[in-house]
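> predicted model, plus sequence, below.
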Amino acid sequence: MIHTATVAIYFDIKQFEVVLFTMAFILGNINNRAVLIHGEHYFDTEDASKGAVSSNPMHAIAQLAELHALSAQLHAVTPTGKLAEVTLGPPIPQPKNCFAVGLNYKSHAAESAMELPTNPLVFTKFPSCLVGPTADVELRSDAVDYEVELVVVIGTAGKDIDASDAWSHVAGVTIGQDISDRMVQFAAQPPHFDLGKSFDTFGPIGPFVYSTDHFSNLNDFNLETRINDEVRQSDTTKNLIFDVPFLIQYLSHITTLSPGDIIFTGTPDGVGAAQGKFLRDGDVIATTINGIGTMRNVCRRVSNFAKGN
C-alpha cells in the first residue's frame with residue numbers, strides 16, 4: 001500500500017520554489033547515476049531536479065526530503081528513458097558499512113543445528129561484493145549457497161538510536177541475496193563469515209529501494225528464493241528473532257549509522273547447505289519480497305578456488 005504525506009514542503013529548484021506534497025519514492029541506479037522510478041520510466045535525479053538532487057546514489061540517499069518532493073512531481077517531468085532498455089546496478093553501490101546478521105530466524109538456526117543467539121550475530125560483507133539485480137553470480141567452488149534477505153537502507157545518520165525511533169532513520173528497503181561460499185566460510189575456526197560471503201558478485205541487491213512510506217506494515221515482508229523455479233526458501237520477516245528496530249538500536253549503540261549504510265537482516269531456513277543443494281553453473285536464482293519485486297541472477301562457474309588456499 002502506498003501512502004502519501006499530507007505536509008507540504010518547499011522544493012528549491014535552481015532559483016525558483018514550487019510548493020509540493022511529499023510522496024513515496026522508488027530509487028534505482030542506472031550507469032552509476034541515481035534515478036527515480038515511475039511506472040515503466042526512470043528519471044535521472046539530477047536532471048529531473050535541475051541540480052537540486054545529486055546524481056551520485058550515495059549522496060542522493062541522504063536527500064530524503066528532496067527525493068520525496070521530486071517523486072511527487074515526476075508526472076510533470078520528461079522521463080530520462082524506459083526501464084526495459086537499461087541494466088540496473090545495485091541501488092546502493094558503495095555503502096560505508098554493509099552489515100549482515102546471521103541466525104536471525106529460528107528455523108535457520110534449527111536447520112544449522114546451532115543454538116539461538118542471545119545477541120545479534122553481526123558480521124560484515126565487503127561493499128565490493130555488491131552487484132545489481134540481474135548480475136551474474138560467479139561460482140568458485142562446489143559449495144556456494146543462497147540466502148534471501150530483507151535489506152534495510154539507512155537514510156538519516158544516528159548514534160544510540162532507540163528502537164522506538166529506528167524506522168525514522170531508514171530511507172527504505174530492498175531485496176538482498178547473501179551469497180556464501182561455505183568452503184571458505186568454514187575453512188577455519190572461528191568461521192570466516194566476512195570472507196566467505198564477500199567474493200565479488202556475492203551481494204546482489206535491488207531492484208530498487210522503496211521508501212518506507214510505501215508500506216502499511218514494515219514488520220511483515222514475505223521472502224522467497226526459487227532456484228530454477230523450485231521454491232527453496234519461503235518465510236516472513238514477522239519471524240525475525242531480532243527485528244529491524246532492535247538491530248538498528250543494537251548497531252547504533254556501537255557505531256554511528258550513516259546515510260547509505262545497509263543491513264542484511266538475516267535469512268530463513270531452506271539454504272542449500274541444509275539440503276545438499278548448492279548452486280551450479282547455469283542455475284537461475286529468483287529472489288522475491290512482496291511489495292519490492294524480484295531479482296534474477298544467473299550463476300556462472302568461473303574457477304575452482306575450492307578451499308580458500
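Yep, that arrived. Residues are numbered from 1 along each chain as shown.
> strands along the stretch 101-250 of the chain, start to end?
121-124, 130-131, 137-139, 144-145, 148-154, 170-177, 180-181, 203-211, 222-227, 230-236 (DSSP state E, counting those that start in this stretch).
> distance to R300 and mean neighbour count added to the ones you listed, as CSV?
Every residue, glycine included, has its C-beta placed from N, CA and C. Output for the strands of the stretch 101-250 of the chain, formatted as CSV (distance: least, Cβ to Cβ, whole Å; neighbours: other Cβ atoms under 10 Å):
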stretch, distance to R300, mean neighbour count
strand 121-124, 25, 17
strand 130-131, 12, 25
strand 137-139, 6, 22
strand 144-145, 11, 24
strand 148-154, 20, 26
strand 170-177, 15, 27
strand 180-181, 14, 28
strand 203-211, 13, 27
strand 222-227, 15, 20
strand 230-236, 19, 17
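> so which of these is nearest E111?
For the strands of the stretch 101-250 of the chain, the distance to E111 is smallest for strand 230-236, at 10.6 Å, taking Cβ to Cβ.
> what helices and strands are in contact with that closest one?
strand 222-227 (3 or more Cβ pairs under 8 Å, 6 or more residues apart in numbering; DSSP states H and E).
> how far away from the center of its chain is the strand it packs on?
Strand 222-227 sits 15 Å away from the centroid of its parent chain (Cα atoms, centre = their mean, to the nearest Å).
> which residues are contacting it?
146-150, 177, 231-237, 267-268, 270, 272, 277, 279, 283-290 (Cβ atoms under 8 Å, 6 or more residues apart in numbering).
> my read: F221 touches T288, true?
No. Counting by Cβ atoms under 8 Å, F221 does not reach T288; the two are 10.2 Å apart.
> quick one: which of those two has more around it?
Under the criterion of other Cβ atoms under 10 Å, the comparison of F221 against T288 puts F221 first, with 21 against 18.
> quick one: residues contacting that one.
L150, V173, T236, T237, I289, N290, G291, I292.
> hmm, 6 Å instead?
Going by Cβ atoms under 6 Å, 6 or more residues apart in numbering, F221 touches L150, T237, I289.
> ok, and the closest non-adjacent residue to it?
T237 (4.6 Å; Cβ to Cβ, 6 or more residues apart in numbering).
> check what pLDDT that neighbour gets.
In this model, T237 is scored at 97, pLDDT.
> ok, it touching L150?
Yes. Shown here, T237 and L150 form a contact pair, counting by Cβ atoms under 6 Å, at 5.5 Å.
> so where is this structure shaky, pLDDT-wise?
1-22, 306-309 (pLDDT under 70).
> per-domain residue ranges of it.
Per automatic domain parsing, the structural domains of the chain span 8-85, 98-301.
> could you measure the residue nearest to D162 when sequence neighbours are not counted against V122, distance?
In space, and not counting its chain neighbours, D162 is closest to Q249: 6.2 Å by Cβ to Cβ, 6+ apart. With distances taken as Cβ to Cβ, to the nearest Å, Q249 is found 13 Å from V122.
> now the helices for this structure?
45-48, 57-60, 64-72, 106-111, 182-185, 193-196, 244-252, 272-275 (DSSP state H).
> any idea which of the ones you listed gets closest to P91?
helix 57-60 (6.6 Å).
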